[in-house]
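Enquirer: 3D, please:
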Amino acid sequence: MTPGGAGVRRPDHQTQTDLTAGAVLAPYLRAQAADFLRSLRLHRENSAPTDAGPQAAEQAATALRRSSRRIGGTLHTFRAGLDPLWAEQLRTELAWLSGTLAREHAYADRLNRLLDALHGLSGTPLPAARAASGDGAAKARAGLGVG
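Expert: Coordinates of the predicted model:
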């Protein structure tokens, strides 16, 4: 211990407030819920095959997964201050969504690698939308030992 309590921080009476955990947590959860809903809309708009390319769909899925994980993490961290049944049910649903989006991402990568390998074996040129990906396709083919 330091002599005379030097270096020990004393509570600053000016910064103490009567805010509850709920009053602090509610705006954060509201902002995360808004991000989640925005990401959900983007995911729905970009999940159909369009000329926008796979990047928009991938970014939308990543944003949706990120916001669901943030909400789930917040519910886990502050579970003592929330309704336990509600928080656990919502966390379970968000974990399922995050896992599903992770599998979707893995399946899309696998599909790209397989299509690149198929095109490499057949000798046909890549479609214009896929040829724009450039180095990613070459690395995927190299990882498969094709091309």
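Enquirer: give the contact list for the closest residue to residue 75 other than its chain neighbours.
Expert: Sequence neighbours aside, residue 87 is the residue nearest to residue 75 in space, at 4.5 Å (criterion: Cβ to Cβ, 6 or more residues apart in numbering). Quick note: C-beta positions are derived from backbone N, CA and C, even for glycine. Shown in contact with residue 87 (Cβ atoms under 8 Å, 6 or more residues apart in numbering): 75, 76, 79.
Enquirer: hey, where'd the helices end up in the protein?
Expert: Using DSSP state H, the helices of the chain run over residues 21-46, 54-77, 84-122, 128-131, 135-144.
Enquirer: Check these for me: which has the lowest mean pLDDT.
Expert: Of all the helices of the chain, the minimum mean pLDDT falls on helix 135-144 (a mean of 50).
Enquirer: among the helices of the chain, which is the most enclosed?
Expert: With neighbours defined by mean count of other Cβ atoms under 10 Å, none of the helices of the chain is more surrounded on average than helix 54-77, at a mean of 18.
Enquirer: can you dump the C-alpha coordinates of that one into CSV?
Expert: Extracted in CSV, the C-alpha atoms of helix 54-77 (Å, rounded to 0.1, in the frame of the first residue of the first chain):
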residue,chain,number,x,y,z
PRO,A,54,-21.5,-11.6,-54.2
GLN,A,55,-19.7,-8.8,-52.3
ALA,A,56,-22.9,-7.0,-51.3
ALA,A,57,-24.5,-10.2,-50.1
GLU,A,58,-21.4,-11.2,-48.2
GLN,A,59,-21.2,-7.7,-46.5
ALA,A,60,-24.9,-7.9,-45.6
ALA,A,61,-24.5,-11.3,-44.0
THR,A,62,-21.4,-10.2,-42.2
ALA,A,63,-23.2,-7.2,-40.8
LEU,A,64,-26.2,-9.2,-39.7
ARG,A,65,-24.0,-11.8,-38.0
ARG,A,66,-21.9,-9.1,-36.3
SER,A,67,-25.0,-7.3,-34.9
SER,A,68,-26.6,-10.6,-33.7
ARG,A,69,-23.4,-11.6,-31.9
ARG,A,70,-23.2,-8.1,-30.3
ILE,A,71,-26.7,-8.3,-29.0
GLY,A,72,-26.2,-11.9,-27.8
GLY,A,73,-22.9,-10.9,-26.1
THR,A,74,-24.6,-8.0,-24.4
LEU,A,75,-27.5,-10.2,-23.2
HIS,A,76,-25.0,-12.7,-21.8
THR,A,77,-22.8,-10.1,-20.1
